[in-house]
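S.K.: Using only what follows, build the 3D model:
(4 chains)
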2 protein chains.
Amino acid sequence: MPFTRLEIAVLGLVDGELQVLLARRAEAPHAGKWALPGGVLRIDVDASLDAAAQRVMRERLGLELPFLRQLCAAGGPTRDPRAPWALSIVYRALVPAENVKPSAGKRIEALAWRPVGDAIADKSLAFDHSQLVSQAVESTRAEVERLDLPARFLPDQFTLGELQSTCEQLLGRRLDKSSFRRKLADRQVVEPVEGLMRTGANRPAQIYRLHAR
Amino acid sequence: MPFTRLEIAVLGLVDGELQVLLARRAEAPHAGKWALPGGVLRIDVDASLDAAAQRVMRERLGLELPFLRQLCAAGGPTRDPRAPWALSIVYRALVPAENVKPSAGKRIEALAWRPVGDAIADKSLAFDHSQLVSQAVESTRAEVERLDLPARFLPDQFTLGELQSTCEQLLGRRLDKSSFRRKLADRQVVEPVEGLMRTGANRPAQIYRLHAR
DNA sequence: GGTGTTAGTTGCAAAGTCCAACGAAGTGTT
DNA sequence: AACACTTCGTTGGACTTTGCAACTAACACC
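M.R.: Numbers count the residues shown, from 1 in each chain, chains lettered A, B, ... in the order given. Next up is the predicted model:
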């Protein structure tokens, strides 16, 4: 039976760019190298794969996040020198990065946000993790393109301007304001929080939240 | 480390309906019950998860199919009575059902095509397999909706009429001929096989194949 | 030659999308 | 108080895509 781990690709917008949270490994193999935070499946405590991913995120990053999503599984005999056959289940989390402060947990020396382009191109990442990051980014971009849950990158409440700007940063291109709003309205993605406005230096903006469904 | 299996959801159009290939189990647990064909991961021979899925399909069904796709992984302590913690990696295959004759292999008593609706509703399927079928169907329908690879359900060569009718059966609604063809042309999904026509009782039709890309 | 059936194209109206401009509602400046 | 400035939110119109129906084409069969 294979040596089984969970790896978590935490994505967030930091400095106006899509970045991934990497951990510097404290122990062999690949000690000192950067890798996705992850941990070993524990069949004595984990009630499911989703629960295991939550536990790993709690132990390694000190985070409790609701929207984890299973991305894929990778397996093979040469992935990890500790075992003759290593299997990783990869999860993805989306976070409003400014509001979430992960802290380095067990077996992690340091944590850092890295722009996804760098991480994918960086051949010095441990294991096959640069490829896993690539998959996480690809599937996330596809979801944003369909206007599925881009709001997970934002706090609970936000204005449509913030949401649109978030999507533009994720996709790397400008979007049209009127069609963007029409689509949101059609698909009932968000709903206004009655009476709440974001005030500032200019005209106040209506505050929205994810639609209940 | 968990007891790890691969399960294969083979989907095909049979009798004008989307059906899934089920196997009656020869051995415990769930002997005599219907389940997705599957097998245990063998870390001594499998070079990757994809290769393992191919091997299982060869051993259990006698099939060699090119387009397997990993769908998801499911794991937990109560999924399989043989082990304290069972993990399954689920693969999906699409086949031109009329041309492919799977044969019951190791540890399988019988094979049968079942309409996917039946299989999803049937609570007597072994393990959590009716749920896995549901996921396979859902993701497949979504891909057909985007006109990704609906041609995998067909032989190498086909007419546009056959392809359209296939999509209509999969989606359960009629499609417009002109816009269907416009989309195929735009996205360069298929290409004509010059000079080859399907003849029959009526006007001959141009034969197409998947575009090389 | 006429009829029936499927293949493939064309024309057009309706719907949707993209782009730019506009009025609205605030703050800060003069 | 008047004005400039910025962002919010909507509107109008050109353009593109889609959906529907009609039309021609090419065969078999009678």
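S.K.: C-alpha from now on. contacts and neighbour counts both.
M.R.: Fine.
S.K.: which residues does residue A:171 contact?
M.R.: If you count contacts by CA atoms under 8 Å, 6 or more residues apart in numbering or on different chains, residue A:171 has them with A:141, A:144, A:145.
S.K.: DNA strand D versus the closest residue in space to residue A:168 that isn't next to it in sequence, what's the distance?
M.R.: Setting aside the residues directly before and after it, residue A:168 is nearest to residue A:174 in space (CA to CA, 6 or more residues apart in numbering or on different chains), at 5.4 Å. Going from residue A:174 to DNA strand D by CA to the nearest atom of the strand, to the nearest Å gives 14 Å.
S.K.: Could you pick out the residues of chain A near DNA strand D for me?
M.R.: Applying CA under 7 Å from any atom of the strand, we find that chain A lies next to DNA strand D at A:159, A:160, A:161, A:162, A:177, A:178, A:202, A:203, A:204, A:205, A:206, A:207.
S.K.: burial count for residue A:170?
M.R.: For residue A:170, the neighbour count with other CA atoms under 10 Å in any protein chain shown is 22.
S.K.: and residue A:162, that's in a helix?
M.R.: Yes. Counting by DSSP: H, G, I helix; E, B strand; the rest coil, residue A:162 is found in a helix.
S.K.: tell me the SS of the residue nearest to residue A:168?
M.R.: Residue A:174 - assigned by three-state DSSP - is coil.
S.K.: again with residue A:196
M.R.: strand.
S.K.: element containing the nearest residue to it once chain neighbours are set aside?
M.R.: Among residues not flanking residue A:196 along the chain, residue A:207 sits closest, at 5.8 Å (CA to CA, 6+ apart). Following DSSP states H and E, one finds residue A:207 within strand A:205-210.
S.K.: wait, isn't residue A:27 in contact with residue A:126?
M.R.: No. At 11.8 Å, residue A:27 does not count as touching residue A:126 under the criterion of CA atoms under 8 Å.
S.K.: out of those two, which sits in the busier spot?
M.R.: Set side by side, residue A:27 and residue A:126 show more neighbours around residue A:126, with 20 against 12, by other CA under 10 Å.
S.K.: Averaging pLDDT per element, find the lowest-scoring helix or strand in chain A.
M.R.: strand A:190-198 (a mean of 89; mean pLDDT, DSSP states H and E).
S.K.: Only the buried residues of that one, if you could.
M.R.: Neighbour-count burial for strand A:190-198, counted by 16 or more other CA atoms under 10 Å in any protein chain shown, picks out A:190, A:192, A:197.
S.K.: Could you tell me the phi and psi values at the residue lying closest to residue A:119 once chain neighbours are set aside?
M.R.: Nearest residue to residue A:119, sequence neighbours excluded (CA to CA, 6+ apart): residue A:130, at 5.9 Å. Backbone torsions of residue A:130, given as degrees, to the nearest 10, read phi -70, psi -30.
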